[in-house]
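Q: Predicted model and sequence follow; I will ask about them next.
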Amino acid sequence: MNQRLKYALNFIKYRLFAKHRKGHGIHSPFLFELIIKVLNDKKADEDLKKVFEVYKKYKKSNEILVYNEIGAGTSYTRPKRLSVGEIIKKSSVNKKYGSLLFRLIKYFNCKDLLELGTSVGISTAFIARAITKSNFVSIEGVAEKVNIAKKITSELNLNTNFIVGNINDKLEAALNDFEKLDFVYFDGNHTKESTLKYFHFCLNKSHNDSVFVFDDIRWSKGMEEAWTEIKNNKNVRLSVDLYRMGLIFFREELSKEHYIIKF
Ligand SMILES: C[S@@+](CC[C@H](N)C(=O)[O-])C[C@H]1O[C@@H](n2cnc3c(N)ncnc32)[C@H](O)[C@@H]1O
């Protein structure tokens, strides 16, 4: 079965088995609050509106980037030639998921933040906008994309430390500069091996209240396997499957549970 068909069938399965988004049938008070106050929150926050404006502007951008691709699914030997707008439409978070990143960080008051896979900085803007005084590092392998991310974050007056290079080479050193990690967004190099490797590195800096977010958990068989292994890790207490993204929590006060939530 091809991957697209499998993705569609998995989506139907997800819609059938996902718990209702209004929180019915959820016994964990922590998760119930999360659904009501974060997942279902539709308030038009002023900070979010500013990110939406920039998002809209750059989605229309015809500026061409010529670059060598990096990461899972890379099959081209020739450089890529795509407009910034095309890159955003193809691979950035949309407004719904970007707002989720923003709301999670705000709700849990996360201050030490790490992003793997900046691209042109759309998710970066949602993350950085959530909290003003933060220690935020974002790693990306393509310098041409980071140049756009820098433009976007400076337009929004955001404070982000960019690291340009392969996550495989840069992650360990980047983690040395963190005492702890409150929030990690995994969105670069979607192979099973890399995702698990990055997860285990970041686990060393996690704490009871850390939140880890994995993007594209159903992007491939390897990513599905990585997600299964991550949610079953002994340190993970609660996992929340939103179909595209998976959230994990380490809180010892929670009992080990996996939820599939309609989002
Ligand atoms: C799905 S995109 C990220 C999208 C971005 N988070 C957003 O929502 O706007 C994944 C990015 O990870 C980068 N990437 C993939 N593998 C990488 C690696 N091993 N090291 C550094 N960057 C990598 C790619 O260049 C690409 O820009």
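A: Looks like it came in fine.

Q: Return the residues of the stretch 151-263 of the chain in contact with the ligand.
A: 166-168, 187-189 (CB under 6 Å from any ligand atom). Where you see a C-beta, it was placed from the backbone N, CA and C, and this is true even at glycine.

Q: nearest to Arg251, of the residues you listed?
A: Closest approach to Arg251 among these (CB to CB): Asp187, at 23.3 Å.

Q: Now do the contacts for the closest one.
A: Applying CB atoms under 8 Å, 6 or more residues apart in numbering, one finds that Asp187 lies in contact with 93, 115-117, 119, 123, 215-216.

Q: What is the least confident helix or strand in the chain?
A: Least confident helix or strand, the chain: helix 3-17 with a mean of 73, by mean pLDDT, DSSP states H and E.

Q: List the buried residues of that one.
A: Using 16 or more other CB atoms under 10 Å as the test for burial, helix 3-17 gives Tyr14.

Q: just stretch 156-171 next, same as before
A: 156, 158, 160, 162-165, 167, 170-171.

Q: Now do it: distance to the chain's middle.
A: Its chain's C-alpha centre and that of stretch 156-171 lie 14 Å apart, by CA atoms, centre = their mean, to the nearest Å.

Q: what's next to it, contact-wise?
A: By CB under 8 Å, 6+ apart, stretch 156-171 touches 50-51, 54, 70, 116-118, 124-125, 128-129, 132, 134-143, 146, 149-150, 153, 174, 188-189, 194, 197-198, 201.

Q: Kindly report the same for stretch 214-222.
A: By CB under 8 Å, 6+ apart, stretch 214-222 touches 3, 7, 10, 72, 93, 97, 117, 185-187, 190-193, 195, 199, 223-224, 226-227, 230, 241, 243-248.

Q: try 7 Å this time
A: Stretch 214-222 has contacts (CB atoms under 7 Å, 6 or more residues apart in numbering) with 3, 7, 10, 186-187, 190-192, 195, 223-224, 227, 230, 243-246.

Q: Could you export the residues of the stretch 151-263 of the chain next to the ligand as CSV, including secondary structure?
A: Formatted as CSV, those follow (DSSP: H, G, I helix; E, B strand; the rest coil):
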residue, secondary structure
Asn166, coil
Ile167, helix
Asn168, helix
Asp187, coil
Gly188, coil
Asn189, coil
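
Q: related to what we said a few turns ago, name the nearest of the buried residues of stretch 156-171 relative to Lys60.
A: Distances from Lys60 to the buried residues of stretch 156-171, taken by CB to CB, are shortest for Leu156, at 17.1 Å.
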